[in-house]
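In: Below are the sequence and a predicted model for it; my questions follow.
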Amino acid sequence: MITNFIIPELKNHDVQELWFQQDGATCHTARATIDLLKDTLGDRLISRFGPVNWPPRSCDLTPLDYFLWGYVKLLVYADKPQTLDHLEDNIRRVIADIRPQMLGKVIEKWTSRLDYIRASRGSHMPEILFKM
């Protein structure tokens with residue numbers, strides 16, 4: 001996916017200001033993967049074993065993790081797609097239906113999470129509700 005999709009897409013855009021973040025899954029942190037991403041992004045890679053280490057508690061902090069993937073997955077699989085085309089159509093529809101107001105709420109939650117993490121010096125976040 002990185003070689004066939006992400007890197008070609010990056011070449012279509014000015015990536016000088018782009019940062020790339022991925023989680024610490026084993027396939028994402030394999031030496032070949034990290035080397036490929038470093039060659040493409042230089043020091044603008046946030047990943048385990050990358051130039052900028054994946055931050056602790058990042059699943060609590062990253063809007064993609066604490067909101068978007070769960071939200072999209074819930075809606076994409078609601079009608080139990082049986083074909084790849086149906087699944088792809090659902091993904092496109094769900095992503096296209098995300099409104100700026102919803103993203104505004106996500107950013108509000110994100111900033112409150114950052115404030116909490118700063119105040120608690122990186123501890124767990126049991127007081128924060130994990131829902132939108």
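Out: Sure, I can see it. Residues are numbered from 1 along each chain as shown.
In: give the contact list for Gln21.
Out: 45-47, 54, 62 (Cβ atoms under 8 Å, 6 or more residues apart in numbering). For glycine as for every other residue, the C-beta is placed from the backbone atoms N, C-alpha and C.
In: so can I have TSV of the residues you listed showing secondary structure, distance to Glu9 and pLDDT?
Out: Formatted as TSV, the contacts of Gln21 follow (DSSP: H, G, I helix; E, B strand; the rest coil; distance: Cβ to Cβ, whole Å; pLDDT from 0 to 100):
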residue	secondary structure	distance to Glu9	pLDDT
Leu45	strand	16	84
Ile46	strand	18	82
Ser47	coil	18	82
Trp54	coil	22	72
Thr62	coil	20	72
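In: who wins for most neighbours among those residues?
Out: Ser47 (22 neighbours; other Cβ atoms under 10 Å).
In: wait, what's in contact with it?
Out: Residues near Ser47 by Cβ under 8 Å, 6+ apart: 20-24, 28-29, 34, 37, 53-54.
In: quick one on the thing from earlier: so which of the contacts of Gln21 comes closest to Met1?
Out: Using Cβ to Cβ, Ser47 is the member of those that lies nearest Met1, at 14.7 Å.
In: Relative to Trp19, how far out is that closest one?
Out: 11 Å (Cβ to Cβ, to the nearest Å).
In: and what of Ser112?
Out: 22 Å.
In: what does Thr26 give?
Out: Separation of Thr26 from Trp19 (Cβ to Cβ) stands at 22 Å.
In: So which of these two has more stuff around it?
Out: Trp19 (11 against 8).
In: number of nearby residues for the closest residue to that one other than its chain neighbours?
Out: Nearest residue to Trp19 in three dimensions, chain neighbours excluded: Arg44, at 4.7 Å (Cβ to Cβ, 6 or more residues apart in numbering). Counted by other Cβ under 10 Å, the residues lying close to Arg44 total 18.
In: Arg44 is in contact with Leu37, isn't it?
Out: No: counting by Cβ atoms under 8 Å, Arg44 does not reach Leu37; the two are 9.3 Å apart.
In: what touches both of these two?
Out: Common neighbours of Arg44 and Leu37 (Cβ under 8 Å, 6+ apart) are Phe20.
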